[in-house]
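Peer 1: turn this into a structure:
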Amino acid sequence: MTMVPDTAPKVFSWVFISVLFFAQAVFCADHTAQGSLGEKLTSLLLKSRYPVSNVGVVLKNLDRDSVIVSLNADMPFNPASVAKLATAAMAFDKLGTGFTYKTRAYMGGTFNADSGTCNGDLYIKGSGDPSIVIERMWLFVQYLYRFGGIKKITGDIILDGSFFDSTSIGPCFEEDSSRSNPYTALVGALSANFNSVVICAKPASQAGSPVRVEIFPPVPTIELVNKAMTIEDKKSSAVSVTTEKIRDHTRVIVSGSMALTAQPFYISRKLWQTSETFGAILKMFLDENKIFCKGTVRRGNLPEALRSTKPFYVYESPPIGDIINGMLKFSNNYYAEMLFKTLSAIQDSVPGSWEKSSQNAAAWWKEKGLPGTPVIRNGSGMGDCNRISALQMVALLQHVWDQKTYLPEYLNSFPTAGVDGTLAKRFKESRLKGYVRGKTGTLNDYGVSTLAGYVLMPRGNYAFSIFFNDLNSKYPYVNWETQQKILELIVPAD
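Peer 2: Below is the predicted model of the structure:
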């Protein structure tokens with residue numbers, strides 16, 4: 001950094017200091033942008049008061065295999081949710097576009113088809129399927145009941161989540177400000193409904209009465225504590241909803257106040273159990289269909305003797321492309337971490353783990369001949385432990401561009417600028433609307449804002465990455481506008 005002596009005149013303006021930084025960035029710094037376009041990029045960053053050293057940018061023409069502009073291309077950055085692009089690429093490459101998760105039900109004893117009685121335990125073996133939401137749980141039970149014919153279980157329902165290890169909180173997932181947020185949901189091989197609960201709240205009919213609160217799904221493993229009160233309209237109101245782990249269940253705490261004329265709202269919150277949540281929802285639907293279970297619902301492992309036998313029923317997920325579509329379009333961390341742990345569980349025939357999947361990611365990167373060795377410790381980009389450079393990200397995008405067996409599914413999973421997903425409200429008035437397929441990333445606690453993907457222009461196709469790290473601003477809209485300006489500047493107009 002250039003230092004100004006105390007004896008210097010106090011007439012130096014911010015503009016003059018910016019010129020000094022501009023000159024240093026363009027003419028002295030390593031890995032700076034090329035030519036006049038690079039100078040314009042650096043000028044844009046300085047005018048927007050972005051420290052040039054905290055920004056990484058690469059734009060590559062995929063048709064000509066040439067880098068158009070680069071800035072701090074080799075510097076490692078925290079990619080935030082842009083890390084999901086690597087998770088998606090590895091999943092498509094290792095599992096194939098036709099891969100489906102399979103949740104299997106086994107009879108631990110005999111089955112009397114006439115009476116619909118399972119004489120013994122019913123085992124449910126999970127495979128890490130992240131798509132089992134409450135509607136699919138309903139279907140799962142309908143198949144057991146209507147097609148399988150189960151009406152009574154004389155033993156226990158045993159839930160086997162051993163496909164993953166017992167660690168349910170991902171590395172670098174912070175447990176303070178994000179404690180109750182569903183984007184830090186627990187991960188387990190037998191999970192349901194994103195391991196989250198929906199809380200619905202609306203004011204009572206008169207002031208002084210408790211706010212009306214409903215939780216969904218209404219299962220015994222979730223305890224509701226409602227401290228929120230309805231108040232007069234003239235008073236300001238705010239409702240807080242948090243969750244906490246209490247032994248083997250989750251406590252939902254609703255506090256604050258809600259005005260008489262306030263609109264009803266709903267919000268999702270994190271649950272603190274995995275298999276237990278699955279089991280509670282399963283039992284709820286069994287009860288609704290009058291399927292009697294004499295025993296309890298508990299964790300356990302499928303006996304070795306049953307592993308080689310034909311399952312009583314196999315429930316398949318949608319194809320992995322549908323799952324990755326949801327992961328990228330809406331930046332679903334739960335999907336990403338379930339996929340990430342699946343990769344090591346399938347490849348190594350051992351319980352899937354973050355540590356093993358991280359090692360496999362490094363090996364995959366090297367196997368594909370991609371540059372350097374990025375740090376990929378989780379699949380979603382949460383926290384401050386993943387590191388990848390702008391050049392490495394573009395190299396990944398170039399690699400996938402050449403993989404025609406899964407490129408269509410990969411591209412279709414990206415948010416489209418100004419159209420859908422996390423880019424639905426961005427690029428609305430830009431010439432690049434509809435042409436950018438980009439993955440967003442935001443970690444406000446670390447000053448991280450990122451965007452990477454493809455620009456599919458009528459006369460040229462490009463891969464790009466824009467990384468902002470260590471920013472003082474925690475207002476994402478400012479960063480979004482600057483990223484749009486950067487792309488509008490560096491992407492050639494057709």
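Peer 1: going by C-alpha atoms from here, please, whenever you check contacts or count neighbours.
Peer 2: OK.
Peer 1: buried set for stretch 374-392?
Peer 2: Going by neighbour count (16 or more other CA atoms under 10 Å), the buried part of stretch 374-392 is 374-392.
Peer 1: oh, I was asking about stretch 478-494
Peer 2: In stretch 478-494, counting by 16+ other CA under 10 Å, buried: Asn479, Trp480, Thr482, Gln483, Gln484, Lys485, Ile486, Leu487, Ile490, Val491.
Peer 1: quick revisit: out of the buried residues of stretch 374-392, which are inside helices?
Peer 2: Ala390, Leu391, Gln392 (DSSP state H).
Peer 1: which secondary element of this protein has the worst mean pLDDT?
Peer 2: helix 14-27 (a mean of 35; mean pLDDT, DSSP states H and E).
Peer 1: now the residue most central in space within the chain. Nearest residue, chain neighbours left out?
Peer 2: The centroid of the chain falls nearest to Asn333 when counting by CA atoms, centre = their mean (1.9 Å). Once flanking residues are discounted, Asn333 sits nearest to Ser380: 5.1 Å by CA to CA, 6 or more residues apart in numbering.
Peer 1: repeat that for Ile132.
Peer 2: Distances taken as CA to CA, 6+ apart place Ala192 nearest to Ile132, at 5.1 Å, with adjacent residues excluded.
Peer 1: around that neighbour, how many other residues sit close by?
Peer 2: Using other CA atoms under 10 Å, Ala192 is surrounded by 28 other residues.
Peer 1: next one: it relative to Ser166, how far apart?
Peer 2: Separation of Ala192 from Ser166 (CA to CA, to the nearest Å) stands at 16 Å.
Peer 1: what of Ala259?
Peer 2: Counting by CA to CA - Ala259 and Ser166 are separated by 44 Å.
Peer 1: these two - which one has more neighbours?
Peer 2: Ala259 (23 against 14).
Peer 1: the more buried one: what's it in contact with?
Peer 2: Pro203, Ala207, Thr230, Ile231, Glu232, Asp233, Lys234, Lys235, Ser236, Ser237 (CA atoms under 8 Å, 6 or more residues apart in numbering).
Peer 1: how about the helices in the stretch 201-350 of the chain?
Peer 2: 275-288, 304-307, 320-329, 333-348 (DSSP state H, counting those that start in this stretch).
Peer 1: with distance to Pro264 and mean pLDDT added, can I get those helices in JSON lines?
Peer 2: Shown next, in JSON lines, are the helices of the stretch 201-350 of the chain (distance: least, CA to CA, whole Å; pLDDT from 0 to 100):
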{"stretch": "helix 275-288", "distance to Pro264": "25", "mean pLDDT": "96"}
{"stretch": "helix 304-307", "distance to Pro264": "48", "mean pLDDT": "94"}
{"stretch": "helix 320-329", "distance to Pro264": "27", "mean pLDDT": "98"}
{"stretch": "helix 333-348", "distance to Pro264": "27", "mean pLDDT": "96"}
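Peer 1: nearest approach to Lys356 belongs to which of those?
Peer 2: Nearest to Lys356, of all the helices of the stretch 201-350 of the chain, is helix 333-348, at 5.9 Å by CA to CA.
Peer 1: report the secondary structure state of Leu85.
Peer 2: Here Leu85 is recorded as helix under DSSP: H, G, I helix; E, B strand; the rest coil.
Peer 1: do the same with Gly170
Peer 2: Assigned state for Gly170: coil (three-state reduction, three-state DSSP).
Peer 1: mind checking pLDDT for it?
Peer 2: Predicted confidence (pLDDT) for Gly170: 93.
Peer 1: give the contact list for Ser380.
Peer 2: Contacts of Ser380 (CA under 8 Å, 6+ apart): Ala80, Ser81, Val82, Ala83, Lys84, Thr87, Asn332, Asn333, Tyr334, Ala336, Glu337.
Peer 1: how about the contacts of Ala259 in a markdown table, adding distance to Arg426 and neighbour count?
Peer 2: What follows is the contacts of Ala259, written out as a markdown table (distance: CA to CA, whole Å; neighbours: other CA atoms under 10 Å):
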| residue | distance to Arg426 | neighbour count |
| --- | --- | --- |
| Pro203 | 34 | 24 |
| Ala207 | 41 | 16 |
| Thr230 | 37 | 24 |
| Ile231 | 38 | 24 |
| Glu232 | 38 | 15 |
| Asp233 | 35 | 13 |
| Lys234 | 36 | 9 |
| Lys235 | 35 | 10 |
| Ser236 | 32 | 10 |
| Ser237 | 31 | 17 |
